[in-house]
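Novice: For reference, the sequence and a predicted model appear below.
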Amino acid sequence: MLRHLTEIDDLSKKEILEVFELCKKMKKGQIAPKPLKGKAVACIFTKPSLRTRISFEVGITELGGHPIYVTDPEIQLGRRETIADAARVLSRYVGLIMIRTFAHKGLERFFQYEEKRGLNAVLINPAIHPHRDLRTFLGVQQNLHTGEKLTEAHLAQWARLFVPAVTPSRYLLLVETGDELLDYREAVGKYAGAKQVVVQGGDHTLQSFPDHIPLILEFARFGAD
């Protein structure tokens, strides 16, 4: 039977304790479940990353899944491929989608289309106002794939993608208070009402990510074998 995790109260005390116990056993190497066995996971990176890409690809593979690495020049989300088309196509082929991006507003729009498919979204240290925060990098920040510099046109595109309201029950927010790049409080405020995990300390790489794998899998509707 399909279940939805929209808030922590959707799980009984017994189920919550079982999640923590599963996490402990996985960390100690006592069990190696394959909840993603037979599942393809689209990993979209419009923002270059080393640790995020490696951690996701290794984690997905060890959990039995098949990660598919997609870069911005390939998909050109919102340009060559409209966000609506990309959401529709990907949701037909893959079991899970993760996106690493600068343009958080485009990400919200992407998941607005995905909402019609009944999929949930896990947000990790999201940038809430990229069109504001990146202004100091105009003419300096460079796309490592194309060499293109950050311009006012890019900021304007992000501003136009602003979504004033989201459906909180569809999101799981993971943030760390020690994030050196973003103010985690903006994400907490934007996704008020969503399931949130706020970890004291850490940094923008979300050092505590392995601890949240069982919760992420549950929220994404994948059960352990």
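Specialist: The structure has been received and is ready for your questions. Numbers count the residues shown, from 1 in each chain.

Novice: just checking, next helix/strand downstream of the helix or strand of the chain with the lowest mean pLDDT?
Specialist: When each helix and strand of the chain is scored by mean pLDDT, DSSP states H and E, helix 104-115 comes last, with a mean of 54. Downstream of helix 104-115, the first helix or strand assigned by DSSP states H and E is strand 121-124.

Novice: Need the residues that contact that following strand.
Specialist: Residues outside strand 121-124 that contact it (CB atoms under 8 Å, 6 or more residues apart in numbering): 98, 107, 111, 114, 170-175, 187, 191, 206, 209, 216, 219-220. (C-beta placed from N, C-alpha, C; glycine too.)

Novice: Could you look up the next helix or strand downstream of it?
Specialist: Downstream of strand 121-124, the next assigned helix or strand under DSSP H and E is helix 130-133.

Novice: measure Trp158 to Pro130 for me?
Specialist: Using CB to CB, to the nearest Å, Trp158 is found at 5 Å from Pro130.

Novice: Break down this structure into its helices, ranges please.
Specialist: 13-28, 51-62, 72-75, 83-93, 104-115, 130-133, 152-160, 184-190, 213-219 (DSSP state H).

Novice: now the angle from the second one to helix 13-28?
Specialist: Going back to what we said before, that points to helix 51-62. Orientation of helix 51-62 against helix 13-28 (axes from the mean of the first three to the mean of the last three CA atoms, to 10 degrees) gives an angle of 100 degrees.

Novice: any idea how far helix 51-62 is from the chain center?
Specialist: The chain centre lies 13 Å from the centre of helix 51-62; the measure is CA atoms, centre = their mean, to the nearest Å.

Novice: looking only at pLDDT, what's the mean for it?
Specialist: Taken as a whole, helix 51-62 carries a mean pLDDT of 84.

Novice: now for it, which elements pack on it?
Specialist: strand 40-45, strand 66-71, strand 96-100 (3 or more CB pairs under 8 Å, 6 or more residues apart in numbering; DSSP states H and E).

Novice: Make a markdown table from these and add mean pLDDT and mean neighbour count to it.
Specialist: Listed next are these as a markdown table, based on pLDDT from 0 to 100; neighbours: other CB atoms under 10 Å:
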| stretch | mean pLDDT | mean neighbour count |
| --- | --- | --- |
| strand 40-45 | 81 | 20 |
| strand 66-71 | 82 | 16 |
| strand 96-100 | 75 | 21 |
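
Novice: Right, I'll call it a day here.
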